[in-house]
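K.L.:
show me the folded form of this:
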Amino acid sequence: MGIRDITPISKRESISLPFQFTPGSMDPLKLQRLNLTANPDGSFTHLSAPPLSPAFPEGETLPSCPVPVRSKDVPLNPSNNTSIRLFLPSLPPSETKPLPLIIFFHGGGFVLFNAATAPLHVACAELAASVPAIVASVDYRLAPQHRLPAAFEDAHDALIWAKSAFSSESEPWIKNHGDPTKLFLMGSSCGGTICYHAALNVISSDLDLSPVRLAGLILDQPYFGGVERTKSELEFHDDKIISLPTNDIMWEMALPLGSDRDHEYSNVMLHEAKETKLLPPCLVRGHVGDPLYDRQKLFVEMLQRAGVSVVAEIERAGHHGIELFEPEKAAEMADDVRSFVYGHEDGSVV
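P.N.:
Numbers count the residues shown, from 1 in each chain. Modelled structure (predicted):
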């Protein structure tokens, strides 16, 4: 099974990821499961990393996109070496109107990939063109060098960035083309988990985002965990995308040292936050062939009990991350996002 065909931007090669570790602290066999190898200087090399894509400020035309899409990289928090890759669809003049802003967080178990990973770049360009929307893909800090809550903190920075972008002339793509009343947080896999915790933090910190309104959360196959195994985890224990050993290793690398999978960052159903009831409308997507399916179903039930407005699309056939492999599933996701974004124009304010 391979990621669906794209035009390679740069040749596939091993890359040194910004992970640091104490020699001997990570079992080499565990690293091998993630196609990582430890280097003498404390970094990790991802042996099967997809190619990276540059940004295209003047625009690119992809076969799967109805319109050209411009992209560029902008700094987020220089002290943390984080950034955002912005995607702006080039719509015809007859269709120009303020666009929703989707702040996107990629998957990878908090450990792998970044905003420039070519398949993720293509996915964000497709999303921007198909919804249509401005997509801001966050290049957040990765574990294990930066364990959680580092990624949640970077999501908080992204929300502050959005507020600033709408309030000043610092980012013309946002200021000139974005609609501050239609801000959505979206994430796939662990990116969905980041969205959930970021939204809770907005509520608990009483963060003033004005003139921005957080209108909804889009959680695509969100990544949750727990010590006790679920039926779907056991049924799909040898899944090709996220096997049970791979799942455990990623949580071990991402959670604070000494924590297990019942930590509040992973087992959110065990630690239901009081702020949950104040969340804006949520779209939760999933597939019945995903090892994480049972936890996603429990998550939807938790949101519903709390009185959150939920659109649940979790009963479809498919596996974890299927939209990166099958174009029709990517189109299906874009359709879901479009319906949610433009069907919740009076979304909640947090």
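K.L.:
helix/strand/coil for Arg261?
P.N.:
coil (DSSP: H, G, I helix; E, B strand; the rest coil).
K.L.:
give me phi/psi at it?
P.N.:
Dihedral angles of Arg261 (phi, psi; degrees, to the nearest 10) stand at phi -70, psi 0.
K.L.:
give the contact list for it.
P.N.:
Gly225, Gly226, Val227, Asp248, Trp251, Leu255, Asn267 (C-beta atoms under 8 Å, 6 or more residues apart in numbering). (Glycine included, C-beta is placed from N, CA and C.)
K.L.:
could you point out the helix or strand that follows the biggest strand by length in the chain?
P.N.:
Longest strand of the chain, by residue count under DSSP state E: strand 178-188. Next along the chain after strand 178-188, taking DSSP states H and E as the criterion, comes helix 190-204.
K.L.:
list the buried residues of that following helix.
P.N.:
In terms of neighbour count (16 or more other C-beta atoms under 10 Å), helix 190-204 has its buried residues at 190-203.
K.L.:
now swap in stretch 215-230 and tell me
P.N.:
Buried, per 16+ other C-beta under 10 Å, within stretch 215-230: 215-226, 230.
K.L.:
with stretch 169-185 instead?
P.N.:
Those buried within stretch 169-185 under the rule 16+ other C-beta under 10 Å are Glu171, Trp173, Ile174, His177, Gly178, Asp179, Pro180, Thr181, Lys182, Leu183, Phe184, Leu185.
K.L.:
what does it rub up against?
P.N.:
70, 72, 74, 86, 88, 98-103, 105, 133-134, 155, 162, 164-166, 168, 195, 198-199, 209, 211-218, 341, 345, 347.
K.L.:
in TSV: the buried residues of helix 190-204, plus distance to Ile241 and pLDDT.
P.N.:
Formatted as TSV, the buried residues of helix 190-204 follow (distance: C-beta to C-beta, whole Å; pLDDT from 0 to 100):
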residue	distance to Ile241	pLDDT
Cys190	13	98
Gly191	15	98
Gly192	15	98
Thr193	16	98
Ile194	19	98
Cys195	20	98
Tyr196	21	98
His197	23	98
Ala198	24	98
Ala199	26	98
Leu200	27	97
Asn201	29	97
Val202	30	96
Ile203	32	96
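K.L.:
check these and tell me the two furthest apart.
P.N.:
Cys190 and Ile203 (20.7 Å; C-beta to C-beta).
K.L.:
picking up where we left off before, out of the buried residues of stretch 169-185, who's nearest Asp335?
P.N.:
Nearest to Asp335 among these, with distances taken as C-beta to C-beta, is Phe184, at 15.3 Å.
K.L.:
hmm, back to that, for the buried residues of stretch 169-185, give me TSV that also has pLDDT and distance to Met302.
P.N.:
Shown next, in TSV, are the buried residues of stretch 169-185 (pLDDT from 0 to 100; distance: C-beta to C-beta, whole Å):
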residue	pLDDT	distance to Met302
Glu171	93	35
Trp173	96	36
Ile174	96	33
His177	94	36
Gly178	96	31
Asp179	97	30
Pro180	96	30
Thr181	96	27
Lys182	97	26
Leu183	98	23
Phe184	98	20
Leu185	98	18
